[in-house]
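A.B. asks: give me a model of this one.
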Amino acid sequence: MPANNRFAHQNYPTRPVLSPRLITLRSVEPVAGAAAELHTRVRIGRVIVVHGTFVGNDPFAVAETLKSLGSGVPLIGEQLEKMAEMIQENTQPATNSVIQDMGTYTEAFRDQFQTLVGDDPVVELLNPTWSSQNHHFARADLAVRLIHQMLMRPPMPGQRILLWGHSHAGNAFAMLTNLLANERNSVDQFFAAAGEQKEPHWKAVQNALRSVGGPHPLSQSVVIVAFGTPVRYGWDVHGCAQLIHVLHHRPHDPATPFFTKPLFPPQTPPDVMSATWGDWIQAFAVAGTDVVSAATLDENDRLTNLLERNLAEPVHELDTRFIPTARLRNTCYRWKQGTRCHTDGLNLLLNYQPSGESVLGLPLESTVFGHGVATTVKWLPAHLKLVLDSLH
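C.D. replies: Residues are numbered from 1 along each chain as shown. Got it, this is the predicted structure:
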């Protein structure tokens, strides 16, 4: 991983620093205490499990919009605030009851995780959760929120914190490594781009980072395992101790085994539905696919200027040159690259073998276009064993 990444974006295609590993993975039965080495050997004292996009407490910015509308209208502002709070309290439980563990982390997942590791470390779902909106500012807020939680409950001497996240939670982790690396100028630019935020965790983290010179002491206590994270923001070696990417992948070309089948021209619907080439969502959600909420337009514009400033200008050929809008044209170019791996950290490319379980007639491994397998309770024992072996 590069030092002093300074919030630079990864480019497409990436060139991984460490050679990715192609692994055939089979499910295993859960055994209580089977992953106890997470504490005894890897020295993890706390695990924070973080869900990805569209499964949080305000995925479509409804509550955020209500708060924004009511902020300047005292007569109805209090009522709108109450409605927003009600939405945030009920959205995630309602979502979880429908999708269960196919694309989000559940209490059952947390309980199984705790059973597998034993009494230590303590395993917790992120609480309070994050909005899960699909844009820079939502992920920036998650990064700051996580640092604040670790500041409030720092690891015991000699112990580490494991951040275990799915999808774009991993990109919040990437921002977190840049923040904890604490290069003064780029961190100041980050907070300036985010603007003045009322939530107390923003000011607390900004002050904590300003109070030290160089990487924050938390940085080398953080171990990151990211599942199905789309290739977006870059990582900083000074901002975490270890970094592992777990990616659902099936090679389509022996000459380029670490690349996925390009998403442009589009894959066939049966290939997408059955995840023939692995996690379609992870390959899809590259730069250009964000959906910005009205209430955060300014913050996202400024963060785009910071976070995407180094993205290389695509060189278009006939197949993409005449696509009407620049945003879609550039996104199609990126889809064309078939980028699967992250530049930094260890990429584990998993060819999941059928577990025998199915959902709505599709194998469990194909749920949510191959993106949902990462959060299922069924595959947690195999994932934990794989992660332990890799961390050793």
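A.B. asks: show me where pLDDT drops low in this protein?
C.D. replies: 1-3, 54-100 (pLDDT under 70).
A.B. asks: my guess is Phe109 meets Ala374, correct?
C.D. replies: No - with contact defined as C-beta atoms under 8 Å, Phe109 does not count as touching Ala374 (10.6 Å). Glycine gets a C-beta too; all of them are placed from N, C-alpha and C.
A.B. asks: more crowded one of those two?
C.D. replies: Using other C-beta atoms under 10 Å as the criterion, Phe109 and Ala374 rank with Ala374 on top: 30 against 21.
A.B. asks: contacting residues for that one?
C.D. replies: 166-167, 227-228, 246, 248, 383 (C-beta atoms under 8 Å, 6 or more residues apart in numbering).
A.B. asks: try it again at 6 Å.
C.D. replies: Residues in contact with Ala374 (C-beta atoms under 6 Å, 6 or more residues apart in numbering) are 166, 227-228.
A.B. asks: would it count as being in a strand?
C.D. replies: No - per DSSP: H, G, I helix; E, B strand; the rest coil, Ala374 lies outside any strand segment and is helix.
A.B. asks: now it: closest residue in space that isn't a chain neighbour?
C.D. replies: Using C-beta to C-beta, 6 or more residues apart in numbering and skipping residues adjacent in sequence, the residue nearest Ala374 is Phe227, 3.7 Å away.
A.B. asks: can you pull the contacts of Pro16?
C.D. replies: Pro16 sits in contact with 341, 343, 347, where contact means C-beta under 6 Å, 6+ apart.
A.B. asks: how about a cut-off of 7 Å?
C.D. replies: Contacts for Pro16 were tallied using C-beta atoms under 7 Å, 6 or more residues apart in numbering; they are 341-343, 347.
A.B. asks: once you drop chain neighbours, what's closest to it?
C.D. replies: Cys341 (4.8 Å).
A.B. asks: does that neighbour touch Pro20 like I think?
C.D. replies: Yes - if you go by C-beta atoms under 7 Å, Cys341 and Pro20 touch, sitting 5.1 Å apart.
A.B. asks: and for these two, which residues touch both?
C.D. replies: 258, 347.
A.B. asks: more neighbours: which of these two?
C.D. replies: When Cys341 is set against Pro20 and neighbours are counted by other C-beta under 10 Å, the residue ahead is Cys341, at 25 against 18.
A.B. asks: three-state assignment of the more buried one?
C.D. replies: coil.
A.B. asks: thinking again about what came up before, output the contacts of Ala374 as a markdown table; include the columns distance to Leu38.
C.D. replies: Listed next are these as a markdown table, based on distance: C-beta to C-beta, whole Å:
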| residue | distance to Leu38 |
| --- | --- |
| His166 | 18 |
| Phe227 | 16 |
| Gly228 | 21 |
